[in-house]
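> sharing a sequence plus its predicted fold:
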2 protein chains.
Amino acid sequence: MKVIIFGGDGFCGWPTSLYLSKLGLDVTIVDNLSRRKIDIDLGINSLTPIATIEERLSTWKTVSGNTINFFNIDIAKQYEKLLDLIKSERPDSIIHFAEQSSAPFSMKNSENKRYTIDNNLNSTNNLLAAIVESGLDIHVVHLGTMGVYGYGDNGMKIPEGYLKIHIKGENNEYFEKEIMYPPNPGSLYHMTKTQDALMFAFYNKNNGIRITDLHQGIVWGTQTKETSMDEKLINRFMYDGDYGTVLNRFIMQSAIGHALTVHGTGGQTRAFININDTVKCLEIAINNPPNNNEKVKIFNQMTETHKIRDLAIMIDKKTGCGIDNIKNPRKESPENDLYVTNKHFLNLGLTPTTLNDNLLDEITNIAKKYILRCDKSKILSNSYWTPGNKP
Amino acid sequence: MKVIIFGGDGFCGWPTSLYLSKLGLDVTIVDNLSRRKIDIDLGINSLTPIATIEERLSTWKTVSGNTINFFNIDIAKQYEKLLDLIKSERPDSIIHFAEQSSAPFSMKNSENKRYTIDNNLNSTNNLLAAIVESGLDIHVVHLGTMGVYGYGDNGMKIPEGYLKIHIKGENNEYFEKEIMYPPNPGSLYHMTKTQDALMFAFYNKNNGIRITDLHQGIVWGTQTKETSMDEKLINRFMYDGDYGTVLNRFIMQSAIGHALTVHGTGGQTRAFININDTVKCLEIAINNPPNNNEKVKIFNQMTETHKIRDLAIMIDKKTGCGIDNIKNPRKESPENDLYVTNKHFLNLGLTPTTLNDNLLDEITNIAKKYILRCDKSKILSNSYWTPGNKP
């Protein structure tokens, strides 16, 4: 199977590319290296030392014997190059990670708001328009987010993308419909994924494009079996206030003896998934495409839920680093529950990697190994949802 | 009251600008004149001879004594100019017409798909981001479309934007929610309005921006009292396959003795509004802003529904020009009903201008007056939703 991975140089894209290449798939990466450039602008760095994409790919060739092709294309802007590539490569599947992926970054200032909307929506539309123009039948797998659902719904179990509803008519009769789950995004980044969903529904309805949309939880962990094969293959590990995900940030904080920065009460419940399960989910998704004439498939790509304060307490117990409840930079309910179905992936063979000491120790070891690379001034978030959210 | 009208040079924007100026409002128009430039690219023309924006505004000054300011800004691209204008003008209200408004144009080819997404979504996001950055409390009135609802729903009455739903839980309990009406757009143009709606909901929730979204039906008619005051004030009249609206197109076709081109069976039911009611609705909307902390107000801006074939029959009876059922270029159900609430505007004083012979005669007179300007080669639609929709 031939697959093009857009955004294949990123935190999820890189381990996915190696994993699928290892499985014997013909993998091509397209990336404009924008995450590396954003690091430069923000003055941040992956804790782990990231090799250049050329070094990564030549190392992978050496350790695995497999070739991954790479094209530096900005798919939000360089439509003709994108179209030519699709027409010449004729992939069976496309994986679409090529979006700005940080909620705090998207809320930092007008420039970032504008970049996130412009980049994410044009990337998705260009990809879909190019597939239509190519005339090829290509399965698109998109990395979305659990954040499209909003944060919990009065104890109602959140289904996988679609919701059966009843509507009371004028004469007390009931109409039944199945709808996309009503979106309630918590940031402009999350909002772009809800806008993507409308594009997927339209291109699927109008042009019959086969699409799978993955609503992913917060990823924790860093390394996979493949990225561990050589230090030049190491995956990105962010600990800063914009791109660091919460559990990785806590582990980094504890490694340097910094109190764990919990936003507000920490009563926010979030969905989680380990990076090793992310790559497995992508394999399952490309191997189980929708049929022709089938609507967009939606999977919840998460394995467990936790309240943020419970994660902080767990890590504090191990490390004694303490907890610092700081003002929440986000505009959200201080406390929420989140009750979610994820049976699609479980039924297709996913065995969840849940939070446990061994894996946390592995991340802690990475944090300690590269501790001298940590810039402590970048730990606190300095993106605020509104002026009233500033400390 | 000070109002900036973005897209104030267009078919709805121009008569709205004059009407509000006549009422004594302090009106500023911002427009990048993109509709005039698209005419050039498509080789089409308004049947009515449109004066330049400078001629329009100097004529208006002469006949009314009122000054309308004008700025040529592309708000999808020139963010700093947009922000500076908002900060210096400090308007009470902003009316946002500044989007590519043709469904067939948006489906014609990849370039148009990409332009429509890029232009419409960046325009709306830039406007909202600039208002947040300005720190001002400005009411935004946006021209949306009835097309966000899709085409009818099994006889269910379509409410104004929001829908009360019931969801059956795991233990047969019912959860109640009020949601935005599940979108089902019929073209990429319509889709952008459903994506706009997500931006409005987010900026309203996060930043408290007061927003009114108008879901407008298909506009018919050309002139208003104000645009009739001088020939240099005349409004745009499109009869081509991309920008011509159905009733105006039929009247033009009958004026030149062309059979009325009905797409498919003509069993599509659509919502309609006269241009004179459009301008009145905008007045009502800016005079009835949402309160602070109120969610986005949504009004259905339409006064009647008709099946396309019934309109064709009505005009054929008057003119004997005949009806030509051609292959539908759109991907849609051949027949649908549409049952819609519009009580918000009626309760606020709108007196509908419904289809009647006098008004049709007025349009027919305009069509006949300018008949020599008609390019018959532009009458048929040449935008197809899929290759299978081509004749």
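Sure, I can see it.
> what average pLDDT does stretch A:248-265 get?
Averaging pLDDT along stretch A:248-265 yields 95.
> now do the helix or strand of chain A with the lowest mean pLDDT: everything it contacts.
Of all helical and strand segments in chain A, the minimum by mean pLDDT, DSSP states H and E falls on helix A:357-369, at a mean of 89. Contacts of helix A:357-369 from elsewhere in the structure, counted by Cβ atoms under 8 Å, 6 or more residues apart in numbering or on different chains, are A:47-48, A:220-223, A:237, A:239, A:247-248, A:251-252, A:254-255, A:274, A:315, A:318, A:353. For the C-beta atoms, the positions are set from N, CA and C on the backbone; glycine is no exception.
> one more pass at 6 Å, please.
Here helix A:357-369 makes contact (Cβ atoms under 6 Å, 6 or more residues apart in numbering or on different chains) with A:222, A:251-252, A:255.
> could you single out the nearest of the residues you listed to chain B?
Proximity of the contacts of helix A:357-369 to chain B (Cβ to the nearest Cβ) peaks at A:M252, which lies at 28.5 Å.
> before we move on, the earlier item: of the contacts of helix A:357-369 - the most surrounded one?
Highest neighbour count within the contacts of helix A:357-369, by other Cβ atoms under 10 Å in any protein chain shown: A:I251, with 29 neighbours.
> contacts for the helix or strand where that one lies next, please.
For A:I251, the host element (DSSP states H and E) is helix A:246-255. Defining contact as Cβ under 6 Å, 6+ apart, one finds that helix A:246-255 is touched by A:220, A:239, A:260, A:315, A:319, A:321, A:363-364, A:367-368, A:371.
> ok, back up a step: in JSON lines: the contacts of helix A:357-369, plus distance to B:S110.
Rendered in JSON lines, the data for those read as follows (distance: Cβ to Cβ, whole Å):
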{"residue": "A:T222", "distance to B:S110": "39"}
{"residue": "A:I251", "distance to B:S110": "45"}
{"residue": "A:M252", "distance to B:S110": "44"}
{"residue": "A:A255", "distance to B:S110": "49"}
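> show me what contacts the closest residue to chain B within the stretch 251-391 of chain A?
Residue nearest to chain B within the stretch 251-391 of chain A (Cβ to the nearest Cβ): A:K331, separated by 5.4 Å. By Cβ under 6 Å, 6+ apart, the contact list for A:K331 reads A:385-386, B:206.
> quick check, nearest of these to B:L23?
B:N206 (33.0 Å; Cβ to Cβ).
> leaving out sequence neighbours, find the closest residue to that closest one.
Of all residues not flanking B:N206 in the chain, A:K331 sits nearest, at 5.4 Å (Cβ to Cβ, 6 or more residues apart in numbering or on different chains).
> just A:C321 next, same as before
A:S254 (4.3 Å).
> burial count for that neighbour?
22.
> now A:P352
Residues within reach of A:P352, counting by other Cβ under 10 Å, total 16.
> wait, doesn't it sit right on A:M302?
No - at 9.0 Å, A:P352 and A:M302 do not qualify as touching, with contact defined as Cβ atoms under 6 Å.
> now the angle from the helix holding A:I251 to helix A:357-369?
60 degrees (axes from the mean of the first three to the mean of the last three Cα atoms, to 10 degrees).
> need the next SSE after helix A:246-255, C-terminal direction.
Next along from helix A:246-255, by DSSP H and E: strand A:260-263.
> what residues does chain A have near chain B?
Neighbours of chain B within chain A, by Cβ under 6 Å from any Cβ of the partner chain: A:110, A:113, A:117-118, A:121-122, A:125, A:129, A:133, A:156-157, A:165-167, A:170, A:175, A:179, A:182, A:191, A:194-195, A:198, A:202, A:206, A:331, A:385.
> before we move on, back to that, only the buried subset of the contacts of helix A:246-255, as a ChimeraX command please.
Of those, the buried ones go into a single ChimeraX selection, burial set by 16 or more other Cβ atoms under 10 Å in any protein chain shown:
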select /A:220,239,260,315,319,321,363,364,367
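> the helices in chain A, which residues?
Counting by DSSP state H, chain A has helices at residues A:13-22, A:34-42, A:53-64, A:79-89, A:103-107, A:110-134, A:188-207, A:246-255, A:275-287, A:308-319, A:343-347, A:357-369.
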